[in-house]
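>>> Task: produce atomic coordinates for the following.
(one chain, ligands or ions: 1)
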Amino acid sequence: MIDMAKEEKYLNDKLLLNARKPEGKLGGELIDHMNENHEGLAKWSVSHLDISQSDIILDIGCGGGVNVRRFLEMTDEKVYGIDYSSLAVERSKDLNRESVENGRCEIIEGSVCDLPFEDGSFDIVTAFETVYFWPDFVNDLREVRRVLKDGGIFFIANEALPIERDTRQQELIELLDMNIYSKEQLEDYLQEADFRQVTCHIKQSKDSFTGDDASWICVKALK
Ligand SMILES: C[S@@+](CC[C@H](N)C(=O)[O-])C[C@H]1O[C@@H](n2cnc3c(N)ncnc32)[C@H](O)[C@@H]1O
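Residues are numbered from 1 along each chain as shown. Have a look, this model is predicted:
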């Protein structure tokens, strides 16, 4: 006889595994989920980011492209998205089809480790719910810094900080092999990568997947 609880957990795990790199049918379902449920974190965090009409913006780990769409409404300049998942690239392009076609938006398949942009290309680089998965954090931060203009801003928004977790939450973090950074770790790593004027905001809220208590954090750092 099938154990329904085990079956449900197995399917949930398979769905969640796609947060690291969305692929196939389940990856598509997870992108739908993220587009809807990351909205609270994105709106709250972006309220701490001053964007001007002349800013050229890159969103790394752009997933389903909702933040690219948001930025297209906030700047008159070009908005770029990059993600190493071909499905995320396809979905971001679909969501921003008109802007892609008229040249205001470009979505590229690639990794944060080796950004396909010239030095000093961007006024703002953002990373929503993605730094947990970056493979070589300080070097990846240096790569982000390279593509920023002098005085440019790097912006991180995460819905997870290290706290006492119940077994299921901890299991999901291990399953996804996520790095959950504290405020102090983010500050230290950013400084190690030569960023300056690091500022953080924290808000008590809910985890977008489990609905459990969670702390949201957004971090702004200057090149
Ligand atoms: C949890 S999703 C968040 C998506 C989107 N930013 C959002 O807030 O809804 C993480 C995204 O980061 C991407 N990602 C993870 N590691 C990456 C890397 N090394 N380079 C580029 N993208 C990466 C994944 O493919 C995935 O689309």
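>>> can you list the residues of this structure near the ligand?
19, 21-22, 34, 38, 60-64, 83-85, 88, 111-112, 128-130, 133-134 (C-beta under 6 Å from any ligand atom). In short, each C-beta sits where N, CA and C put it, glycine included.
>>> Type out the PyMOL command that picks the buried ones from those.
To isolate the buried ones among the residues of the chain next to the ligand in PyMOL, judged by 16 or more other C-beta atoms under 10 Å, type:
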select buried, resi 19+22+34+38+60+61+62+63+64+83+84+85+88+111+112+128+129+130+133+134
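>>> Which members of the residues of the chain next to the ligand are positioned in helices?
Met34, Ala88 (DSSP state H).
>>> Of the residues of the chain next to the ligand, which belong to strands?
Here DSSP state E is the test, and the residues of the chain next to the ligand give Ile60, Asp83, Phe128 as lying in strands.
>>> Surely the first one and Glu129 touch.
No: with the criterion set as C-beta atoms under 8 Å, Ile60 and Glu129 do not qualify as a contacting pair; they are 10.9 Å apart.
>>> what pLDDT, on average, does stretch 141-153 get?
Across stretch 141-153, pLDDT averages out at 98.
>>> Give me the distance from that stretch to the chain's centre.
Distance of stretch 141-153 from the chain centroid (C-alpha atoms, centre = their mean, to the nearest Å) equals 16 Å.
>>> ok, now stretch 21-34?
For stretch 21-34, the distance to the chain centre is 15 Å (C-alpha atoms, centre = their mean).
>>> Give me the contact list for it.
Identification of contacts with stretch 21-34 by C-beta atoms under 8 Å, 6 or more residues apart in numbering yields 14-19, 63-64, 84-85, 87-88, 91, 129, 133, 208-209.
>>> Please repeat the previous calculation with a cut-off of 6 Å.
Outside stretch 21-34, the residues that touch it by C-beta atoms under 6 Å, 6 or more residues apart in numbering are Lys14, Leu15, Asn18, Gly63, Gly64, Ser85, Leu87, Ala88, Arg91.
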